[in-house]
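Asks: Below is the sequence, then the predicted model.
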Amino acid sequence: MVVPRLYSLISFTIDFSYFGGAETLPRNVDRRSPRRTVVVARSEKDDGRSYPGPPLDPADFLWMMTEEPHRSRRTAIMKAHPEVTKLMGYEPLTKYVVLGVVLLQVCIAIYLRHTHPLSWTFLAIAYIVGGTANHNLFLAIHEITHNLAFRGVSANKALAVFANLPIGLPYAAAFKRYHLEHHKHLGEDGIDTDLPTRFELLCLNNVLGKTFFATFQIFFYALRPTFVRVQTLTRWHFINVVAQAIFDYVLVRTFGVRPLLYLLFSSFFAGSLHPCAGHFIAEHYVWDGLDQETYSYYGPLNWLAYNVGYHNEHHDFPSIPWTRLPALRALAPEFYDNLPSHPSWPMVIINFIRDKEVGIFARAKRLAKASQLTGTVPSAIPHSGSSETSN
């Protein structure tokens, strides 16, 4: 009887954690969130259920020392399927879709000119119809940025300015250069303005911060580029601003301020907690311990969003228009079906907010090519313990 009593006394007086072997562990210490991505073609490398890698360090971004993956996959697909070039080219349907959505938004805005902006009717229409329509126009401008609506460059730029009108604020001209740099310099710190900044990481890396980011992410995408990489203005920037100013002035002068408020509310909702807005987070945030930089989504919301969910396919071949991206995936399933993808855009927003394994930190970054040549290392890298790579 002495031994059990002695063991009981010792177990309550000695903290075994000091000796590297605690008597008990916190509950659920090894439990992770359910896997968020899915895989069509499962393999030994990725069975689609277990985690391919450990959780990311929430204190820093995922710094990559490899080249972005799309260039090499594009080369491999073109070698395996040379007929892929037949999918490239502009899509004549785009201009008619843009015209229809612009007219829809203008007509609804005028119709609501006698409705109070804070009424449930006004807000519901602005969220459900306006948010979806303006999000469609965001992605129309994205499509047109790649010169996929007309054969000529100027015609595409003019259509982008036209598609910008119901958004209420001019951004199409500035978006073009920033977005093309996003493709050419994917993940390069200081060039790819789609990447969160160190300031965002420090301030928004918790549930409240992620909720704020997801709610107001349209402002982050609009304002971040001006702090990260300022553009040289061109005549198309001027045309964009003047055309938007004239449109807004005529709308307010003729029908009052409420139609313009409807368009601005629509733009805000389109980039806020809206089902379609899940694609902003789904496309390039890193999930499930993967080191994969780009994720696709193949669900029905693509019908409203120019198939932007086919995002790996789009980055591999930016010259293939939205109507032919499903054909690209069908042509080269061996390259795409083994890539983890998202099953739902709305759940991406929810999981982004509540999941500790994903947040502002879950973005893959790499040194800009100029920094690699000069040996310059951003201040964020040493924080993650990767400063050895700069030696």
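Replies: Perfect, I can see it now.
Asks: Only C-alpha atoms from now on, for both contacts and neighbour counts.
Replies: Will do.
Asks: Now do the SS call for the residue positioned nearest the centre of the chain.
Replies: Centroid check for the chain by Cα atoms, centre = their mean gives residue 280 as the closest residue, at 2.7 Å. What DSSP: H, G, I helix; E, B strand; the rest coil gives for residue 280 is helix.
Asks: show me what contacts it?
Replies: Residues near residue 280 by Cα atoms under 8 Å, 6 or more residues apart in numbering: none.
Asks: Next, the contact list for residue 302, please.
Replies: 308, 309.
Asks: circling back: quick one: the residue nearest to the centre of the chain from residue 296, how far?
Replies: To residue 296, residue 280 is 11 Å away according to Cα to Cα, to the nearest Å.
Asks: now residue 73
Replies: Distance of residue 73 to residue 296, given as Cα to Cα: 15 Å.
Asks: so where is this structure shaky, pLDDT-wise?
Replies: 1-30, 370-391 (pLDDT under 70).
Asks: need the strands for it, in chain order.
Replies: Under the criterion DSSP state E, the chain contains strands at 62-63, 364-365.
Asks: distance between the last one and the chain's centre?
Replies: Put plainly, it is strand 364-365. Put simply, strand 364-365 sits 13 Å off its chain's centre (Cα atoms, centre = their mean, to the nearest Å).
Asks: Enumerate residues external to it that contact any of its residues.
Replies: Applying Cα under 8 Å, 6+ apart, the set of residues contacting strand 364-365 is 61-64, 187-189, 195, 284-286, 291, 293.
Asks: Repeat that for stretch 327-341.
Replies: With contacts defined as Cα under 8 Å, 6+ apart, stretch 327-341 is touched by 37-43, 48, 73, 77, 81, 84, 87, 295-298, 312-313.
Asks: repeat for stretch 85-102
Replies: Under Cα under 8 Å, 6+ apart, the answer for stretch 85-102 is 78, 133, 136-137, 140, 147-151, 159, 163, 165-166, 319-324, 327-328.
Asks: Name the single longest helix found in the protein.
Replies: For the chain, the helix with the greatest residue count under DSSP state H is helix 235-255.
Asks: Next, the buried residues of it.
Replies: 236-237, 239-241, 243-245, 247-248, 251-252, 255 (16 or more other Cα atoms under 10 Å).
Asks: likewise stretch 147-155?
Replies: Buried, per 16+ other Cα under 10 Å, within stretch 147-155: 147, 148, 149, 150.
Asks: mind checking the end-to-end distance for stretch 63-71?
Replies: End residues of stretch 63-71 are separated by 19 Å (Cα to Cα).
Asks: and that stretch, how far out from the chain's middle?
Replies: 17 Å.
Asks: hmm, back to that, which one among the buried residues of stretch 147-155 gets closest to residue 183?
Replies: Closest approach between these and residue 183, by Cα to Cα: residue 147, at 14.1 Å.
Asks: Looks like that closest one contacts residue 159 (just checking).
Replies: No. Look at residue 147 against residue 159 with Cα atoms under 8 Å: they stay out of range, at 10.0 Å.
Asks: mind listing what residue 36 touches?
Replies: Residue 36 neighbours (Cα under 8 Å, 6+ apart): 287, 288, 342, 351.
Asks: circling back to that earlier point, write a ChimeraX command that selects only the buried members of the contacts of stretch 327-341.
Replies: In ChimeraX syntax, the buried subset of the contacts of stretch 327-341 is picked out as below (16+ other Cα under 10 Å):
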select :37,38,39,48,73,77,84,87,295,296,297,298,312,313
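Asks: Which of the contacts of stretch 327-341 fall in helices?
Replies: Those of these lying in helices (DSSP H): 73, 77, 312, 313.
Asks: can you tell me which two in the residues you listed are farthest apart?
Replies: 77 and 312 (12.5 Å).
Asks: picking up where we left off before, can the contacts of residue 36 go into CSV with extra columns for distance to residue 101 and neighbour count?
Replies: Shown next, in CSV, are these (distance: Cα to Cα, whole Å; neighbours: other Cα atoms under 10 Å):
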residue, distance to residue 101, neighbour count
287, 34, 29
288, 37, 22
342, 27, 21
351, 31, 17
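Asks: In helices, which of those residues appear?
Replies: Per DSSP H, the contacts of residue 36 map to helices at residue 351.
Asks: Quick one: the contacts of residue 36 as a markdown table, columns for distance to residue 223 too.
Replies: Below are the contacts of residue 36 laid out as a markdown table (distance: Cα to Cα, whole Å):
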| residue | distance to residue 223 |
| --- | --- |
| 287 | 26 |
| 288 | 29 |
| 342 | 27 |
| 351 | 25 |
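Asks: Nearest to residue 117 among the contacts of residue 36?
Replies: Looking across the contacts of residue 36 and measuring by Cα to Cα, the closest to residue 117 is residue 351, at 31.3 Å.
Asks: Quick check: that closest one vs residue 185, distance?
Replies: Using Cα to Cα, residue 351 is found at 28 Å from residue 185.
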